[in-house]
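Asker: I'll drop the sequence and a predicted model, then ask my questions.
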Amino acid sequence: MLKIGRGAAAPPFLVMDVIAAANARAASLPAGAPGVIRMEVGQPGTGAPAGAVAAVQAALRSGDPLGYTEAFGRTSLRERIAAHYLDWYGLSVPASRIAVTVGASGAFPLAFLAAFDPGDTVALAAPFYPPYVNILTALGMRPVILETGAASRFQPTVAMLERLDPRPDGVIVASPSNPAGTMLHPEELAAIAAWCDRSGVRLVSDEIYHGLHYDIPIATAAAYSPHAVVVNSFSKYFSMTGWRVGWLLLPEDLVRPVECLAQNLFISAPYVSQVAAEAAFDCSVELDANVARYRRSRDHLLAALPAAGFDRLSPAEGAFYLFADIAERSNDSVAFCARMLAEVGVAATPGVDFDRTRGGRFVRFSYCGPEADMAQAAARLAGWR
């Protein structure tokens with residue numbers, strides 16, 4: 001029998017199974033029946049902004065070959081990303097520290113391979129975005145899970161990190177977070193960054209939901225530590241999931257290692273996606289209108305879901321998620337979500353995707369779909385038990 005590599009044992013990302021089940025349910029419905037409301041996936045329903053699409057159309061008409069770019073991306077896009085840090089955070093960073101990647105999903109393996117070795121430990125809070133753990137494990141690194149809860153808004157704290165013995169080699173934070181939709185407030189992120197620097201621990205900060213924040217100001221880890229690795233993406237605020245383009249803001253000591261890895265693993269991000277990404281920075285009016293729509297859906301669900309029996313919800317500070325504690329109704333979130341889909345046509349994601357020990361009592365609702373659908377979902381759930 002031939003050997004199968006250790007990385008092939010990575011568990012599934014269960015939300016993809018929920019998507020398949022929701023698709024099957026929708027296909028089986030008779031004509032005229034109420035459709036499936038999609039609250040299972042964190043994919044904006046708005047599509048790329050008009051200016052980004054127009055830039056790609058112009059590039060396609062230009063006759064340029066649209067071939068490989070440098071491994072770190074087009075110079076003009078890297079410069080525009082650097083300008084974005086000055087515009088949003090008042091932080092001056094050189095374009096030489098920016099690496100354009102094949103989405104944030106392509107950024108994480110580059111960051112982990114450059115910063116850590118097989119056997120190294122990397123701490124992160126549960127609930128967490130599942131590919132963090134799955135990628136680390138596939139690369140031979142060891143996740144160390146910090147169990148969080150409502151008391152810390154499902155975010156890690158310095159006190160949790162202090163209790164780790166031995167110290168981890170790395171820490172991953174996410175703000176706004178998936179699945180809880182909560183944020184590390186600026187002073188909290190600063191404290192974690194300072195602890196990492198004092199302790200010789202590499203900080204990786206997932207900032208892909210920046211721009212999708214409602215009441216709490218955003219902060220970048222790069223403002224608090226010259227050693228932090230920052231991951232960002234054009235998928236969420238910029239509404240460009242399928243274009244597969246993201247970026248890393250790297251500390252100086254990881255620039256060349258990541259570049260060498262990118263050259264070998266990915267060559268470069270798609271040319272046309274980079275053209276679209278650069279143009280998207282000039283589409284803030286359209287993009288901010290999307291955020292206003294998410295805010296309205298969030299506010300409606302926060303008011304309506306408690307009356308529907310979902311009265312223990314995470315603080316919805318950012319992103320477009322609500323993490324609901326359903327322990328009073330079920331301790332089997334997989335079965336609960338399957339029944340919700342079958343009986344009322346609302347698709348949501350079981351918490352076991354995000355917390356492997358306590359996720360049976362949680363469900364994640366995504367509210368980035370059409371506003372009318374989000375309102376209809378609350379109405380359907382109000383009459384369901």
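Answerer: Yep, that arrived. Residues are numbered from 1 along each chain as shown.
Asker: roughly how far does the closest residue to Pro34 other than its chain neighbours sit from Glu187?
Answerer: Leaving aside its chain neighbours, Pro34 sits nearest to Gly345 (5.9 Å; criterion: C-beta to C-beta, 6 or more residues apart in numbering). Glycine gets a C-beta too; all of them are placed from N, C-alpha and C. Distance from Gly345 to Glu187, counting by C-beta to C-beta, to the nearest Å: 43 Å.
Asker: ok, those two, which is more surrounded?
Answerer: Set Gly345 next to Glu187 and count neighbours by other C-beta atoms under 10 Å: Gly345 wins out with 20 against 9.
Asker: measure the residue lying closest to Val255 once chain neighbours are set aside to Phe362 for me?
Answerer: In space, not counting the residues next to it along the chain, Val255 is nearest to Arg97; the distance is 6.1 Å by C-beta to C-beta, 6+ apart. Using C-beta to C-beta, Arg97 is found at 37 Å from Phe362.
Asker: and those two? Which one has more around it.
Answerer: Just comparing Arg97 and Phe362: by other C-beta under 10 Å the higher neighbour count belongs to Phe362, 26 against 21.
Asker: beta partners for that one?
Answerer: Beta-bridge pairing for Phe362 (DSSP bridges): Asp325.
Asker: so it touches Arg356, yeah?
Answerer: No: taking contacts as C-beta atoms under 8 Å, Phe362 lies outside contact range of Arg356: 11.5 Å.
Asker: any idea of the pLDDT on Asp17?
Answerer: pLDDT recorded at Asp17 is 86.
Asker: my read is it is in a helix, agree?
Answerer: Yes: according to DSSP: H, G, I helix; E, B strand; the rest coil, Asp17 belongs to a helix.
Asker: report the separation between it and Val344.
Answerer: Taking C-beta to C-beta, one finds Asp17 at 19 Å from Val344.
Asker: strands of the chain, residue ranges please.
Answerer: Under the criterion DSSP state E, strands of the chain are mapped to 37-38, 98-101, 121-126, 142-147, 170-174, 202-206, 229-233, 246-249, 321-325, 346-347, 349-350, 362-366.
Asker: now render those strands as CSV, adding mean pLDDT and distance to Ala277.
Answerer: Shown next, in CSV, are the strands of the chain (pLDDT from 0 to 100; distance: least, C-beta to C-beta, whole Å):
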stretch, mean pLDDT, distance to Ala277
strand 37-38, 96, 25
strand 98-101, 98, 8
strand 121-126, 98, 27
strand 142-147, 98, 30
strand 170-174, 98, 21
strand 202-206, 99, 18
strand 229-233, 98, 10
strand 246-249, 99, 8
strand 321-325, 98, 24
strand 346-347, 97, 29
strand 349-350, 96, 27
strand 362-366, 98, 23
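Asker: quick one: closest of the ones you listed to Gln57.
Answerer: Gln57 lies closest to strand 98-101 among the strands of the chain, at 20.8 Å (C-beta to C-beta).
Asker: just how off-centre is stretch 343-355 within its chain?
Answerer: Its chain's C-alpha centre and that of stretch 343-355 lie 17 Å apart, by C-alpha atoms, centre = their mean, to the nearest Å.
Asker: and it, C-alpha only, in PDB?
Answerer: Provided in PDB are the C-alpha atoms of stretch 343-355 (Å, rounded to 0.1, in the frame of the first residue of the first chain):
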ATOM      1  CA  GLU A 343     -37.700  22.700   8.300                       C
ATOM      2  CA  VAL A 344     -37.500  26.500   7.600                       C
ATOM      3  CA  GLY A 345     -34.900  26.700   4.800                       C
ATOM      4  CA  VAL A 346     -32.300  28.700   6.700                       C
ATOM      5  CA  ALA A 347     -28.800  27.600   6.200                       C
ATOM      6  CA  ALA A 348     -26.300  28.300   9.000                       C
ATOM      7  CA  THR A 349     -22.900  26.900  10.000                       C
ATOM      8  CA  PRO A 350     -22.500  24.500  13.000                       C
ATOM      9  CA  GLY A 351     -20.100  25.700  15.700                       C
ATOM     10  CA  VAL A 352     -18.100  22.500  15.600                       C
ATOM     11  CA  ASP A 353     -16.300  24.000  12.600                       C
ATOM     12  CA  PHE A 354     -14.900  26.700  14.800                       C
ATOM     13  CA  ASP A 355     -14.500  25.000  18.200                       C
END
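Asker: which parts of it are buried?
Answerer: 344-355 (16 or more other C-beta atoms under 10 Å).
Asker: the nearest residue to Ala375 once chain neighbours are set aside: neighbour count?
Answerer: Excluding its sequence neighbours, the residue lying closest to Ala375 (C-beta to C-beta, 6+ apart) is His300, at 5.9 Å. His300 has 16 neighbouring residues, counting by other C-beta under 10 Å.
Asker: re the thing from before, Asp253 is in contact with the residue nearest to Val255, correct?
Answerer: No: here Arg97 does not reach Asp253: they are 10.7 Å apart, not a contact under C-beta under 8 Å.
Asker: contact partners for Arg364?
Answerer: 40, 179, 321-324, 348-351, 353-354 (C-beta atoms under 8 Å, 6 or more residues apart in numbering).
Asker: before we move on, back to that, including distance to Arg295, could the strands of the chain go into a markdown table?
Answerer: Formatted as a markdown table, the strands of the chain follow (distance: least, C-beta to C-beta, whole Å):
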| stretch | distance to Arg295 |
| --- | --- |
| strand 37-38 | 19 |
| strand 98-101 | 29 |
| strand 121-126 | 25 |
| strand 142-147 | 29 |
| strand 170-174 | 20 |
| strand 202-206 | 22 |
| strand 229-233 | 20 |
| strand 246-249 | 24 |
| strand 321-325 | 13 |
| strand 346-347 | 21 |
| strand 349-350 | 21 |
| strand 362-366 | 15 |
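Asker: identify whichever of these lies nearest to Ser62.
Answerer: Closest to Ser62 of those is strand 98-101 (C-beta to C-beta; 20.1 Å).
Asker: neighbouring strands for the closest one, and are they parallel or not?
Answerer: strand 246-249 (antiparallel).
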